[in-house]
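> Sequence below, structure please.
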Amino acid sequence: MQPYKDEYWTVTAGNLSQARTRLAQPDVTDQPKYDDQVVVDPSQKYQKWQGAGAAITDATASLIWKLPLERRKSLLHELFSPSEGNFSLIRVPMASCDFGSGEVSKTQFYSYDDVVCDHPDLQLKHFSIGEGLPGAENATKDMRYMVPVLQAIIKINPNVKILATPWSAPAWMKDSGKIENGGYFRKDICRQKLLTCYAQYFVKFLQTYQKLGIKILALCIQNGPNFKTPGPSMNWTMEERTSCLWLVLFKTRLISGF
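Numbers count the residues shown, from 1 in each chain. As a prediction, this is how the structure comes out:
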């Protein structure tokens, strides 16, 4: 094994075995300490268990996609095959999140409608999840890593369920003019028009992914509302959350049939 370049080690002699705090050995008994009991009654069913799984971000997808083909297949089978790991749920970001590869767009962070703030795109004419074929070296945004990895997973487990969540609205929709560092919806555009546009943004996302063979089971309107971070993030008022949630439901369920 080749040593790492510029690797340095510092070794200090000493015996710290007696310096640790020793924990008292608990008494072992086969009798319960308290009278309370947990009763599992399989005949009573409440919430339906949808499954278990993990999040796949752009950074995760990039690492998976860069594996040699056979190793990639082996990993995804181990995780998602019904006869192996059987992960049945995946959470994915809508555009950039705080765990990105930094390789899929000209800017560090991206949305699906990147235009300058002075020219708001209320008709979403510039909406795009990326250019190029899935997985191609010249592909951008979601088309570079996220889409091909999800397509590969669906081939292995067609019943996998996908939950999608945005970390931020497009920068031009926000008063900060940035995807990162939080920020509220801008106030110089009619709120109803802006929230309706953002609801349509969700619809276009669902439609585009569905055309690529990727069905989204569920949506969340915001990852960490009011959690401002140096990465993609957004602040919401309670009124905005309520209005946007209703509009997203109306647009996606009643109009678009999702």
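> Contact partners for residue 147?
Counting by C-beta atoms under 8 Å, 6 or more residues apart in numbering, residue 147 touches 129-130, 134-135, 209, 212, 214. Quick note: C-beta positions are derived from backbone N, CA and C, even for glycine.
> ok, now with 7 Å
When contacts are counted by C-beta atoms under 7 Å, 6 or more residues apart in numbering, residue 147 touches 134, 212, 214.
> starting at the chain centroid, how far to the strand or helix carrying it?
Following DSSP states H and E, one finds residue 147 within helix 146-156. The chain centroid and the centroid of helix 146-156 are separated by 15 Å, computed with C-alpha atoms, centre = their mean, to the nearest Å.
> Give me the mean pLDDT for that helix.
Averaging pLDDT along helix 146-156 gives 98.
> and what of stretch 119-126?
Averaging pLDDT along stretch 119-126 yields 96.
> Confirm that residue 77 lies within a helix, as I assumed.
Yes: Residue 77 sits within a helix when classified using DSSP: H, G, I helix; E, B strand; the rest coil.
> burial count for it?
Neighbours of residue 77 under the rule other C-beta atoms under 10 Å: 16.
> give me every residue that touches it.
Here residue 77 is in contact with 84, 156 (criterion: C-beta under 7 Å, 6+ apart).
> For the stretch 101-250 of the chain, which segments are assigned as strands?
Remark: strands assigned in the stretch 101-250 of the chain by DSSP state E, counting those that start in this stretch are 161-166, 218-219.
> Pick the most buried one from those.
A comparison of the strands of the stretch 101-250 of the chain by mean neighbour count, using mean count of other C-beta atoms under 10 Å, puts strand 161-166 on top with a mean of 19.
> Quick one, which of the strands of the stretch 101-250 of the chain gets closest to residue 89.
strand 161-166 (5.2 Å; C-beta to C-beta).
> Show me where the chain dips below the pLDDT cut-off.
1-13, 16-18, 254-258 (pLDDT under 70).
> hmm, who's touching the longest helix along it?
Identified as the longest helix of the chain according to DSSP state H is helix 191-211. Helix 191-211 is contacted by residues 94, 112-113, 122, 124, 127, 129, 164, 169, 173, 185, 216, 219, 240, 243-244, 247-248, 251-252, 256, 258 when judged by C-beta under 7 Å, 6+ apart.
> Repeat the analysis, applying 6 Å as the threshold.
94, 122, 127, 129, 169, 185, 216, 243-244, 247-248, 251-252, 256, 258 (C-beta atoms under 6 Å, 6 or more residues apart in numbering).
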